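>>> Here is a sequence with its predicted model. Questions after.
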Amino acid sequence: MPKKKAFALRLDENMMKALEKWAADEFRSTNGQLEWIIREALKKSGRLPKHNPDKTE
């Protein structure tokens, strides 16, 4: 399983409220929702690296 890195993210209050509601509607945590949004955007743009089970990172 790939390591996860933590980082700070600043969002305005209205955006954060909308994100929290969206996450709740999808039965995800706010962090899980952000990961899903980013992963989908990376896949759509063709920028998501291919999964390589032999690679450790």
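Looks like it came in fine.
>>> So the most centrally placed residue in the chain versus residue 7, what's the distance?
Residue closest to the average C-alpha location in the chain (CA atoms, centre = their mean): residue 35, at 1.0 Å. Separation of residue 35 from residue 7 (CB to CB, to the nearest Å): 12 Å. The C-beta positions use only the backbone N, C-alpha and C, and glycine is treated the same way.
>>> now do residue 38
Relative to residue 7, and taking CB to CB, residue 38 is found at 12 Å.
>>> higher neighbour count, these two?
Neighbours around residue 38 and residue 7, counted as other CB atoms under 10 Å, are more numerous at residue 38. The numbers are 11 against 4.
>>> what about residue 16, neighbour count?
Residue 16 has 13 nearby residues by other CB under 10 Å.
>>> Looking at this protein, which helix is longest?
helix 30-44 (DSSP state H).
>>> who does it touch, helix- and strand-wise?
In terms of contacts (3 or more CB pairs under 8 Å, 6 or more residues apart in numbering; DSSP states H and E), helix 30-44 is packed against helix 13-25.
>>> name the helices or strands packed onto the helix it packs on?
helix 30-44.
>>> where in this protein is pLDDT low?
52-57 (pLDDT under 70).
>>> One more pass at 80, please.
1, 50-57 (pLDDT under 80).
>>> could you measure residue 21 against residue 7, distance?
On the measure of CB to CB, residue 21 and residue 7 end up 23 Å apart.
>>> let me fix that: residue 19
Residue 19 is 16 Å from residue 7, by CB to CB.
>>> do the same with residue 20
For residue 20 relative to residue 7 (CB to CB), the value is 19 Å.
>>> got a list of contacts for stretch 22-32?
19, 20, 33, 36 (CB atoms under 8 Å, 6 or more residues apart in numbering).
>>> So for it, first residue to last residue, what's the gap.
11 Å (CA to CA, to the nearest Å).
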